[in-house]
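Student: the amino acid sequence is not available; the structure is as follows:
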């Protein structure tokens, strides 16, 4: 019993570090920076989130991709950026059926 009590703080600390390396953490942090109009600062976090979600969560990978497009829009010419944005908006079932994702798309379109 005593050994478990001693190890418990280490387990909690290691899980806290694991959460900081998760795609959810990167996406949440990037969205908070975007809400503060710090899109340039959120760029790398959106990239990390998109890479992390790509293999198992296509919906959140799309969410991160939209954020990535928004955060890097000033680095590219407008026509390719708009084409990428349009593809995200029209070609996925999540962009059509997911209210939260639709709100994120419409909020960033203007």
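Tutor: On my side now, so go ahead. Nothing here was measured: the structure is a model prediction, and the numbers come from that model. Residues are numbered from 1 along each chain as shown.
Student: contacts and neighbour counts: CA atoms only from here.
Tutor: OK.
Student: now do residue 98 against residue 74, distance only.
Tutor: 27 Å (Cα to Cα, to the nearest Å).
Student: what do you get for residue 81?
Tutor: For residue 81, the distance to residue 74 equals 9 Å [Cα to Cα].
Student: more neighbours: the two, which one.
Tutor: residue 81 (16 against 12; other Cα atoms under 10 Å).
Student: in what helix or strand does that one lie?
Tutor: Taking DSSP states H and E as the definition, one finds residue 81 inside helix 78-90.
Student: pLDDT wise, what is residue 34 at?
Tutor: pLDDT for residue 34: 89.
Student: state the three-state secondary structure for it.
Tutor: Secondary structure, DSSP: H, G, I helix; E, B strand; the rest coil: residue 34 is helix.
Student: show me what contacts it?
Tutor: By Cα atoms under 8 Å, 6 or more residues apart in numbering, the contact list for residue 34 reads 42, 71.
Student: what's the burial count for residue 78?
Tutor: Close neighbours of residue 78, defined as other Cα under 10 Å, add up to 10.
Student: how about the strands in the protein?
Tutor: Remark: strands of the chain are absent; assignment by DSSP state E.
Student: any weak-confidence spans in it?
Tutor: Scanning the chain with the threshold set as pLDDT under 70 gives 1-19, 85, 88-96, 105-110.
Student: list the contacts for the closest residue in space to residue 23 that isn't next to it in sequence?
Tutor: For residue 23, the nearest residue in space outside its immediate sequence neighbours is residue 49; the separation is 4.3 Å by Cα to Cα, 6 or more residues apart in numbering. Listed by Cα under 8 Å, 6+ apart, the contact set of residue 49 reads 22-27, 61, 64.
Student: for residue 42, see how far away residue 49 is.
Tutor: For residue 49, the distance to residue 42 (Cα to Cα) stands at 11 Å.
Student: go on, residue 51?
Tutor: Note on residue 51: its distance to residue 42, by Cα to Cα, is 14 Å.
Student: these two - which one has more neighbours?
Tutor: Higher neighbour count among residue 51 and residue 42: residue 42, with 24 against 14, using other Cα under 10 Å.
Student: does that one touch residue 69 like I think?
Tutor: No. Using Cα atoms under 8 Å as the test, residue 42 is too far from residue 69 to be in contact (11.0 Å).
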